[in-house]
Structures are given as structure tokens and as C-alpha cells.
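*Asks:* starting from these lines, generate the structure:
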Amino acid sequence: MGMFVVKRVLLMIPTLLAISLVAFLVITLPPGDYIDRLVLEASLDGDYITAAEAEGLRKIYGLDKSVLAQYFDWIWKMVVHGDLGRSFSYELPVEELIWDRLGMTTLLSLCSMVFIWTVAIPVGIFSAVRKYSLGDYVATFLGFIGLAVPNFLLALVLMYVSFRYFGQNVGGLFSPDYVNAPWSFARVGDLMAHIWIPMIVLGTAGTASVIRTIRANLLDELHRPYVVTARAKGMPEHWVLTKYPVRHALNPFVSSLNELFVQIVSGSTIVSIVLGLQTTGPLLFDALRQEDMYLAAALIMFLSFLTVIGTLFSDILLAWLDPRIRRQFNNGGL
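*Replies:* Prediction:
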């Protein structure tokens with residue numbers, strides 16, 4: 001098991017390098033660059049930037065080099081010196097812009113995952129055990145509603161309900177007084193008062209999907225011969241249910257945790273823009289729109305790192321859950 005983790009961690013290095021190269025190349029694919037955008041904006045304001053001045057700006061920003069030369073300069077500085085580059089539009093080092101937002105994105109994603117697990121697993125088990133009951137129909141109906149309603153629309157509805165009936169403005173992750181305040185218990189409490197809406201919004205679609213997955217898998221397991229044999233021997237029903245059928249039914253869910261995490265992170269961009277959240281989504285959107293390639297590349301790199309870590313966690317959790325997979329590890333498989 002330890003060798004498996006080591007192999008997966010080593011495999012992360014070329015994976016992240018490949019992702020960084022592809023992301024950097026895709027960011028630079030649109031015609032023009034940041035200097036062309038500056039020239040256009042200046043002309044719209046009535047100013048004029050000559051071709052010589054534009055070329056001088058390209059040399060200052062390092063945009064006069066080839067795309068591959070720019071990439072290797074950026075990746076070398078990041079790996080060796082920890083320098084993520086400088087944002088063109090914000091005129092600040094990239095690390096000063098992204099760390100707080102990466103922390104908020106990670107926290108929001110983890111809270112959404114916990115919400116999905118807390119709600120979906122018990123409801124999915126209940127829906128399978130009480131098949132075709134009223135509770136099963138209610139869970140199925142709510143599941144389809146959760147899959148059908150767009151996240152941004154649900155965000156708008158929850159914002160209206162919260163403001164209209166509870167008198168609470170929950171846009172953003174902090175109140176105006178705490179946006180730039182230092183961390184304290186009061187700021188943490190303010191964060192907890194605001195994070196519940198994006199947590200529910202991002203977790204709703206995932207919860208609905210996981211409920212359906214667990215229900216289908218558990219219904220298949222409940223009719224296995226080993227379950228019938230355990231009941232015939234007089235084992236308590238809760239022990240029959242939790243010992244093996246539930247664990248086996250969770251395998252497909254655990255193996256798809258990475259996909260669920262990716263959906264949460266990627267789907268948070270629109271929700272973050274609608275709710276005005278201080279996460280990476282709006283910052284990445286602005287960086288791509290303004291052709292701020294170092295900022296966009298750094299954000300994509302770290303979001304990809306979170307995804308790879310999610311994959312590793314999913315594999316380890318699946319091995320812990322299923323002894324058959326651990327046996328494959330011990331025999332040299334996987």
C-alpha cells in the first residue's frame with residue numbers, strides 16, 4: 001500500500017507538468033496578447049501607442065519571446081524559485097493574488113463534499129432499503145429536481161429567500177466589514193454565516209447524483225447470496241446491511257469522488273460570479289478575459305493540483321474500503 005502511494009505521488013509530477021504545458025499553450029492560442037489589448041483600450045480612450053512603444057512593452061513583459069520560451073521561463077522560476085510570475089492586469093506578484101482565494105476555494109469545495117456525504121449517503125441507503133416507499137419517492141423527486149435546476153438559479157433563489165425572509169445579505173463569503181480584516185473568531189463566524197448558501201448550491205447536484213448512485217448499487221447488493229445467507233443465520237438487520245452491502249455499494253461512489261470534486265471546483269466559477277465569492281473562479285475568468293497568462297496559468301496549475309490530490313485521496317479511500325483492492329496491492333497489482 002505504501003509503494004502504491006509513492007508510485008502515485010511520483011506519477012503526479014509528469015502529470016502536472018503536462019497539464020501546465022497544455023494549459024499555457026491553450027491560454028496563448030487566441031490571437032493577440034496583453035499588449036494588443038492595452039493598445040486597443042488606449043485607442044478607445046483616445047490615446048495612441050506606437051508600434052515601437054508596443055514592442056518595448058512586450059520586451060518588458062517578456063512577450064517578445066516564443067510561447068515555449070515563455071513557458072520554460074515561467075515553469076523554471078516556479079519550480080526553482082517559487083516565483084509564479086507577475087500579473088499584467090493587477091501589476092502584482094501572482095502569489096499575492098491567489099493564496100487567499102485558493103484557500104477559500106479549497107474550504108468551499110471541502111464543505112460541499114462534506115455536505116454531499118452527510119446528506120446523500122444516509123438518504124441513498126434509506127431509499128434502497130425502503131424501496132418504493134413514500135420516502136423513496138420523495139428522495140427520487142428531490143434528486144431529479146436537484147439535477148435539473150441550474151446551480152446559479154438556485155443561488156439566486158436562496159439569496160432572495162435569505163434577504164427577503166431573514167433579512168440577511170449573504171452575497172460574498174464575508175460581510176463588508178470583514179473582507180479585508182485580519183483573521184479572528186469574529187471573521188470566522190462571519191464566514192460560517194455566509195458559506196452555507198454556496199455550500200448548498202454547489203452540493204445540490206452532486207447530492208442528487210450520489211443518492212441515485214448509492215440507491216442503485218445497494219439495491220443490486222441486497223439480493224446477493226451472501227446477504228440472504230447472513231439473514232438466514234439470524235444476524236441483526238443493521239449488521240447485515242452495514243457489514244458488506246453498504247461497503248460494496250460505496251465502491252463506485254468512492255471511485256468517482258475525483259469527478260465529483262472536479263465538478264464542484266469547475267462549477268463554482270459561475271456560482272462564485274453570481275454570489276460575488278472571493279474564490280478562484282472570478283479571478284480566473286478575469287485573467288482569461290484580459291489575457292493575463294501568468295495569473296491564469298498559475299490558477300489552472302493549482303486547481304489541477306487539487307484535482308490530482310483528490311484522485312489520490314479517492315484511490316487510497318477505495319483501497320481502505322475494499323479488501324479485494326488491498327489484496328491486489330499486496331500481490332503487486334495496480
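
*Asks:* okay, CA-based contacts and neighbour counts for the rest of this
*Replies:* Fine.

*Asks:* list the contacts of residue 133.
*Replies:* Going by Cα atoms under 8 Å, 6 or more residues apart in numbering, residue 133 touches residue 127.

*Asks:* quick one, phi psi at it?
*Replies:* For residue 133, the backbone dihedrals are phi -90, psi 170 (criterion: degrees, to the nearest 10).

*Asks:* and residue 60, how far from residue 88?
*Replies:* Distance, residue 60 to residue 88, by Cα to Cα, to the nearest Å: 11 Å.

*Asks:* looking at the two, which one has more neighbours?
*Replies:* residue 88 (19 against 10; other Cα atoms under 10 Å).

*Asks:* confirm that one sits in a strand?
*Replies:* No. Applying DSSP: H, G, I helix; E, B strand; the rest coil, one finds residue 88 to be coil, outside a strand.

*Asks:* which stretches of this structure have low pLDDT?
*Replies:* Low-confidence segments of the chain, defined by pLDDT under 70: 1, 168-170, 263, 265-267, 322-334.

*Asks:* in terms of helix, strand or coil, where does residue 291 fall?
*Replies:* coil.

*Asks:* next SSE downstream of the helix or strand containing residue 209?
*Replies:* Using DSSP states H and E, residue 209 sits in helix 185-221. Downstream of helix 185-221, the first helix or strand assigned by DSSP H and E is helix 225-232.

*Asks:* neighbours around residue 47, how many?
*Replies:* By the criterion of other Cα under 10 Å, residue 47 has 10 neighbours.

*Asks:* please apply the same query to residue 3.
*Replies:* Neighbours of residue 3 (other Cα under 10 Å): 11.

*Asks:* which residues does it contact?
*Replies:* Per Cα under 8 Å, 6+ apart, neighbours of residue 3: none.

*Asks:* quick check: it is in a helix.
*Replies:* Yes. Looking at residue 3 with three-state DSSP, it is inside a helix.

*Asks:* would you mind measuring from it to residue 9?
*Replies:* Taken as Cα to Cα, the span from residue 3 to residue 9 is 10 Å.

*Asks:* now swap in residue 212 and tell me
*Replies:* As judged by Cα to Cα, residue 212 and residue 9 stand 32 Å apart.

*Asks:* quick one, which of these two is more surrounded?
*Replies:* residue 212 (21 against 13).

*Asks:* what about the closest residue in space to that one that isn't next to it in sequence, neighbour count?
*Replies:* Nearest-residue entry for residue 212: residue 124, 6.7 Å, with adjacent residues in sequence omitted and distances by Cα to Cα, 6 or more residues apart in numbering. Neighbourhood size, residue 124 [other Cα under 10 Å]: 26.

*Asks:* isn't residue 124 right up against residue 209?
*Replies:* No. The criterion here is Cα atoms under 8 Å, and residue 124 misses it with residue 209 at 9.9 Å.

*Asks:* which secondary structure elements does the strand or helix carrying residue 119 contact?
*Replies:* Element membership for residue 119, per DSSP H and E: helix 94-129. Judged by 3 or more Cα pairs under 8 Å, 6 or more residues apart in numbering; DSSP states H and E, the packing partners of helix 94-129 are helix 134-148, helix 185-221, helix 257-275, helix 280-289, helix 293-321.

*Asks:* buried residues in it?
*Replies:* Across helix 94-129, burial judged by 16 or more other Cα atoms under 10 Å covers 94-95, 97-98, 101-102, 104-106, 108-113, 115-117, 119-121, 123-129.

*Asks:* so it versus helix 185-221, what angle?
*Replies:* Counting by axes from the mean of the first three to the mean of the last three Cα atoms, to 10 degrees, helix 94-129 lies at 40 degrees to helix 185-221.

*Asks:* just how off-centre is helix 94-129 within its chain?
*Replies:* 8 Å (Cα atoms, centre = their mean, to the nearest Å).

*Asks:* ditto for stretch 32-39
*Replies:* Taking Cα atoms, centre = their mean, one finds the center of stretch 32-39 at 31 Å from the center of the full chain.

*Asks:* dump that stretch to CSV, keeping only the CA atoms.
*Replies:* Coordinates of each C-alpha in stretch 32-39 appear next as CSV, following Å, rounded to 0.1, in the frame of the first residue of the first chain:
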residue,chain,number,x,y,z
GLY,A,32,-3.0,38.9,-29.9
ASP,A,33,-1.6,39.3,-26.4
TYR,A,34,-1.9,41.5,-23.4
ILE,A,35,-0.1,44.4,-25.1
ASP,A,36,-2.5,44.3,-28.1
ARG,A,37,-5.3,44.6,-25.5
LEU,A,38,-3.6,47.6,-24.0
VAL,A,39,-3.2,49.2,-27.4
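
*Asks:* contacts for that stretch?
*Replies:* With Cα under 8 Å, 6+ apart as the test, stretch 32-39 has contacts from 48, 49, 54, 57, 58, 63, 88, 290, 291, 292.

*Asks:* mind running it again at 7 Å?
*Replies:* 49, 54, 58, 290, 291, 292 (Cα atoms under 7 Å, 6 or more residues apart in numbering).

*Asks:* that concludes my questions; thank you for your assistance.
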